[in-house]
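K.L.:
Just a sequence and a predicted model for now, questions to come.
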Amino acid sequence: NPRYSNSRTAFWIDARHTAEISRPGNGFEVYQAVGDFVSSLLLNGDIVPEPGGPRHPRSALGLDKSKRFLLLVVVDGRRAGHSDGVTLHELATLMKEQGCQQAINLDGGGSSIMLARDEGSRSLTTINRPSDGMHRPIPTMIGVRPKNVSNELTKE
């Protein structure tokens, strides 16, 4: 969509393990990255998408101004009596209200699933209600863990 072409960004981690939401340019050493889906939501605190548009389940990722806090959001949708979803503008507004300075929209729809593991547990729990009513086989994910946690939970 040409309307969004100037706002395409990525969430990426640089060689110093600093999180960024921007367009990595020449000379940046990108350690890991994931691109936006359709558009950026917030650039330098400004909402990018125009009001209106369809409501869908959505997934988003945002950073506060200090880049110290990473916000991961999943909004359910397409579930009568539970949630209709949000527009891209509504999602951007939500991210801004939560203190994000930069935010991107990730793949949504039935791909919008959030899992969490209770401390000390080996199993993951789905904490939202996916629109498909079940998990989709998705080849990628964003995983977050505290920096000082050992890999004991991931060992079989």
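P.N.:
Sure thing, it's come through.
K.L.:
Can you give me the buried ones in stretch 123-133?
P.N.:
Judged by neighbour count using 16 or more other C-beta atoms under 10 Å, the buried positions of stretch 123-133 are Asn128, Arg129, Pro130, Ser131. In this view, the C-beta of every residue, glycine as well, is placed from N, C-alpha and C.
K.L.:
next one: it to chain centre, how far?
P.N.:
Computed by C-alpha atoms, centre = their mean, to the nearest Å, the separation of stretch 123-133 from the middle of its chain amounts to 16 Å.
K.L.:
Just list the residues touching Pro24, thanks.
P.N.:
Listed by C-beta atoms under 8 Å, 6 or more residues apart in numbering, the contact partners of Pro24 are Ala10, Trp12, Val30, Ala33.
K.L.:
Relative to Gly77, how far out is the second one?
P.N.:
Same thing as Trp12. Between Trp12 and Gly77 the distance is 27 Å, computed by C-beta to C-beta, to the nearest Å.
K.L.:
With the last one instead?
P.N.:
Counting by C-beta to C-beta, the separation of Ala33 from Gly77 is 26 Å.
K.L.:
which one of the two has more residues nearby?
P.N.:
For Ala33 and Gly77, the more surrounded residue by other C-beta atoms under 10 Å is Gly77, and the numbers stand at 22 against 12.
K.L.:
what's the closest non-adjacent residue to the more buried one?
P.N.:
Taking C-beta to C-beta, 6 or more residues apart in numbering as the measure, Gly77 lies nearest to Gly85, with 2.4 Å between them; neighbours along the chain are not counted.
K.L.:
ok, now which ones touch that neighbour?
P.N.:
Applying C-beta under 8 Å, 6+ apart, one finds that Gly85 lies in contact with Pro54, Arg55, His56, Pro57, Arg58, Val75, Asp76, Gly77, Arg78, Gly108, Ser131.
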